[in-house]
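*Asks:* generate coordinates for the sequence data below:
(chains A and B)
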Number of protein chains: 2
Amino acid sequence: MKDWKTIEELERIFHPRGVVVVGASNSDGNLGRFFLEGFIQLGFENLYVVHPNEQEVQRVKAYATVREISGEVDLAVVFSPRETVPQIVRECTLKGIKGVVICTSGFGEKDGEGRRLEQEVVEIARRNGTRLIGPNCVGIYCPSSRLANFGFLPKESGPVGMFSHSGSLSIMFIIAAAAQGVRFSKVVSCGNECDLNAADFLAYLGQDPETSIILAYLEGVKQGRRFCQLTREISKEKPIIVWKGGTTEVGARAAASHTGALSGSAAVWEAVFKQTGMIKVDSAEEMLDYLQAFYFLPLPRGNRVAIASGMGGLGVATADACIESGLELAQLSAHTGRRLEDIVPTVGTCTDNPIDLGMASIFNPQLYIDTIEALGKDEGVDMLLITSGSWESDYMKRVLAVVAEVEVVVAVAAVIST
Amino acid sequence: MKDWKTIEELERIFHPRGVVVVGASNSDGNLGRFFLEGFIQLGFENLYVVHPNEQEVQRVKAYATVREISGEVDLAVVFSPRETVPQIVRECTLKGIKGVVICTSGFGEKDGEGRRLEQEVVEIARRNGTRLIGPNCVGIYCPSSRLANFGFLPKESGPVGMFSHSGSLSIMFIIAAAAQGVRFSKVVSCGNECDLNAADFLAYLGQDPETSIILAYLEGVKQGRRFCQLTREISKEKPIIVWKGGTTEVGARAAASHTGALSGSAAVWEAVFKQTGMIKVDSAEEMLDYLQAFYFLPLPRGNRVAIASGMGGLGVATADACIESGLELAQLSAHTGRRLEDIVPTVGTCTDNPIDLGMASIFNPQLYIDTIEALGKDEGVDMLLITSGSWESDYMKRVLAVVAEVEVVVAVAAVIST
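*Replies:* Residues are numbered from 1 along each chain as shown, chains lettered A, B, ... in the order given. Predicted structure coming up:
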């Protein structure tokens, strides 16, 4: 299923010797210039601008056409008006550029003229062996090659790869996840997918040694069968976390005018999620939660979870949530049971799993600490879930110190942060 | 269905002339003293302590028994060991106290001896017309009467009433909601419900003029039929937002050892939610979200929503979420359509609902402002949902200024706050 030729072409796109930003200008609000700033901030050096009327943009020399550039260029990022794009792509092929990202909108998603232009662009590229990303997208981000598609993105690389049918959502996601300490390998905004599509990006990230967690925001998928086969293979090695938009009829109509995509029915997608091992999320928050779990925690050795909470109700509701997620509540050993009876106060508490440490735990972190140590030694426990209402920072530090020492996987959550 | 006698008894409990805290002491970690501090912080004046060995706790005079107190006392809050509770309740009845909150744990939820003691306490109270809350609870909070069940709770009263089968969850909730500007009328921790139960508290809050929004965390409900009839009546006038714990078999077992409650199957509760008009939430976060919506927004005149987003993918996913929640996407008028075509840039955007303002909206709040104004004038729009990835504060202020001026209900959400 892996199209090695395409993977190799993408490898070149993600590691270009030179990049030209076509359509960056000094005008107010010019998006091309904003992207150019992104490249400069990340320190990409062989940078060129093409614009009919500019001499220089952000201290980068501007040429009238792509062909006038003398240096090696492997990637063009295009912001010019739609009617100029066929000619620009033609010039890119003449310059030998094998990857063109078309950020310009107003193609297939817009109207008949846009569809015609999109078709024309594809034909020019195909004839010349040039691959296209977009149109109607925000391009690619690859910090290890210093490629940026926006200002203020992290310079450091990490193990998360992402492709998205919403460009701005992908950028928002890089920024939001970065605030949690998460870093990315490659992020692609797919746009209308006139040439390279979600299945190609998935195949690429699946074999990319820099990528060990894959995220996707999807509307429609063009090569459905191939995409599903790839997810089945790749999800055995790398988690694929997917937020699917356009699952209702109304959402699907909106998706059609967003990226011209066919969304597929909710029922079909339910089945796809079940069969392929993709992880389904329904919101940005849920996507961030899954991402953090895979990013910061090792995989547990099994699905038996022990819950310790300072609030009985929270323990009960957490147990429900674990069972609904397919986990099992661990059967604690007799030894652990005796140990917990020593640790936990006798009233207003519970030493069975889910363990309720009671009100005293509000004042006394040692209750959590001793409980975590005891549970961490129980062979029947694969994961610990430690919850509280909220944590004061010194208290939290003491609890986290012991979490770092036990051998099982521990997740610590404050249910509400005030 | 309303038991007016019970409502009157609860009215007295929530507005006591004097309160005695039984079992507060100067020992380290004594919970009674912590609650006493709550009363003092809120400025409750006719406060007494009963303890066998103390002269004074937190400058409040301590008596050896309840009967020795000379002032009027309508409410006792008990923290003494379980074996002393029957005698304490007996003395309360002799003193003419009509409401006793038993915070002490280790009764019906614990073992046979606990069940026997609980039964004994109930019999003493019933014989003497004294009503009980608990045992195994954290009591009541009513800021308008200066009743607190914990330190550091807000002094100001508000329209939210709550009853909860998890005491610490209710306190965490007061604190978390307070951070969002939400204030409470009355909060009750139900505990084991040996006498007064969830149906009584619901009936009381249903007719309480101070309360217009009702929250509940429930495990089991003792008077199921009465409770359902009450919710059907009351939910017509006041939203009842319910988080039900113990919906899985494992969670139900945990609930049984938490408050001795019978949880009922998930299927039964699904049906109850459908038939009674209660609003089902599945997490603390969801409860807070609903609470804020009812607290800060007026009820919309209908269910037609217009969505404006700066990110296409977010608009699509938000449309899905609205449809799945039973809302309708508003059909915009021809006039609004023309106005939006003037406002919104022509490419990479969408002027149909959900409206995609495109990348330019990241830099230009005026796009949101003009769009909100245009949609606010459309008779076919009952609600506006304005979303973005995240908002910078000056930008946000400008957008919120226009939100305050339009007549339809507007919700503004940043999907991820970094």
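*Asks:* what pLDDT, on average, does stretch A:408-418 get?
*Replies:* Averaging pLDDT along stretch A:408-418 yields 72.
*Asks:* nope, stretch A:226-236 is what I was after
*Replies:* pLDDT averaged over stretch A:226-236 gives 95.
*Asks:* repeat that for stretch A:163-172.
*Replies:* 91.
*Asks:* help me see whether that stretch makes contact with chain B, please.
*Replies:* Yes: interface with chain B: stretch A:163-172 contributes A:164-169, A:171-172 (C-beta under 8 Å from any C-beta of the partner chain). Heads up, the C-betas are built off the backbone N, CA and C, glycines and all.
*Asks:* how close does residue A:29 sit to residue B:345?
*Replies:* Here the criterion is C-beta to C-beta, to the nearest Å. By it, residue A:29 lies 10 Å from residue B:345.
*Asks:* overlap of the contact sets of these two?
*Replies:* Residues touching both residue A:29 and residue B:345 (C-beta atoms under 8 Å, 6 or more residues apart in numbering or on different chains): residue B:360.
*Asks:* coming back round to it: out of the residues of stretch A:163-172 next to chain B, which sit inside helices?
*Replies:* A:167-169, A:171-172 (DSSP state H).
*Asks:* list the buried residues of stretch A:125-142.
*Replies:* A:125, A:130-142 (16 or more other C-beta atoms under 10 Å in any protein chain shown).
*Asks:* re the thing from before, from the ones in helices among the residues of stretch A:163-172 next to chain B, which is closest to residue A:341?
*Replies:* residue A:172 (48.8 Å; C-beta to C-beta).
*Asks:* chain neighbours aside, what residue packs nearest to the closest one?
*Replies:* In space, and not counting its chain neighbours, residue A:172 is closest to residue B:389: 3.2 Å by C-beta to C-beta, 6 or more residues apart in numbering or on different chains.
*Asks:* give the contact list for that neighbour.
*Replies:* Taking C-beta under 8 Å, 6+ apart, one finds A:168-169, A:171-172, A:175-176, B:310-311, B:314, B:414-416 in contact with residue B:389.
*Asks:* now those as JSON lines including neighbour count?
*Replies:* Listed next are the contacts of residue B:389 as JSON lines, based on neighbours: other C-beta atoms under 10 Å in any protein chain shown:
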{"residue": "A:168", "neighbour count": "25"}
{"residue": "A:169", "neighbour count": "28"}
{"residue": "A:171", "neighbour count": "26"}
{"residue": "A:172", "neighbour count": "26"}
{"residue": "A:175", "neighbour count": "17"}
{"residue": "A:176", "neighbour count": "22"}
{"residue": "B:310", "neighbour count": "26"}
{"residue": "B:311", "neighbour count": "28"}
{"residue": "B:314", "neighbour count": "25"}
{"residue": "B:414", "neighbour count": "15"}
{"residue": "B:415", "neighbour count": "21"}
{"residue": "B:416", "neighbour count": "20"}
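*Asks:* which one of those residues is nearest residue B:38?
*Replies:* residue B:414 (34.6 Å).
*Asks:* if I look at residue A:317, how far off is chain B?
*Replies:* Counting by C-beta to the nearest C-beta, to the nearest Å, the gap from residue A:317 to chain B is 4 Å.
*Asks:* the least confident helix or strand in chain A by mean pLDDT near chain B anywhere?
*Replies:* Ranked by mean pLDDT, DSSP states H and E, the weakest helix or strand in chain A is helix A:249-259, scoring a mean of 78. Yes: contact of helix A:249-259 with chain B (C-beta under 8 Å from any C-beta) involves A:249-251, A:254-255, A:257-259.
*Asks:* of the residues you listed, buried ones?
*Replies:* Buried subset of the residues of helix A:249-259 next to chain B (neighbour count, 16+ other C-beta under 10 Å): A:250-251, A:254-255, A:257-259.
*Asks:* which ones are touching the nearest residue to residue A:74 once chain neighbours are set aside?
*Replies:* Nearest residue to residue A:74, sequence neighbours excluded (C-beta to C-beta, 6+ apart): residue A:16, at 3.6 Å. Residue A:16 makes contact with A:73-75, A:99, A:145, A:147, according to C-beta under 8 Å, 6+ apart.
*Asks:* need the three-state assignment for residue A:16.
*Replies:* The local conformation at residue A:16, judged by DSSP: H, G, I helix; E, B strand; the rest coil, is coil.
*Asks:* how close does it sit to chain B?
*Replies:* Taken as C-beta to the nearest C-beta, the span from residue A:16 to chain B is 23 Å.
*Asks:* so for that residue, what's the pLDDT?
*Replies:* 97.
*Asks:* on that earlier part again, just checking, which of the contacts of residue A:16 belong to helices?
*Replies:* Going by DSSP H, the helices hold none of the contacts of residue A:16.
*Asks:* inside strands: which ones of those residues?
*Replies:* Members of the contacts of residue A:16 lying in strands (criterion: DSSP state E): A:75, A:99.
*Asks:* what is the neighbour count of residue A:40?
*Replies:* 17 (other C-beta atoms under 10 Å in any protein chain shown).
*Asks:* can you give me the strands in the stretch 301-418 of chain A?
*Replies:* A:304-309, A:328-329, A:355-356, A:383-388, A:409-414 (DSSP state E, counting those that start in this stretch).
*Asks:* got the CA positions of the last one in PDB?
*Replies:* This means strand A:409-414. Extracted C-alpha coordinates of strand A:409-414, given in PDB (Å, rounded to 0.1, in the frame of the first residue of the first chain):
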ATOM      1  CA  VAL A 409       2.100   4.100  34.400                       C
ATOM      2  CA  VAL A 410       0.600   6.900  36.500                       C
ATOM      3  CA  ALA A 411      -1.800   9.600  35.300                       C
ATOM      4  CA  VAL A 412      -2.400  12.500  37.700                       C
ATOM      5  CA  ALA A 413      -5.400  14.700  37.000                       C
ATOM      6  CA  ALA A 414      -7.000  17.700  38.700                       C
END
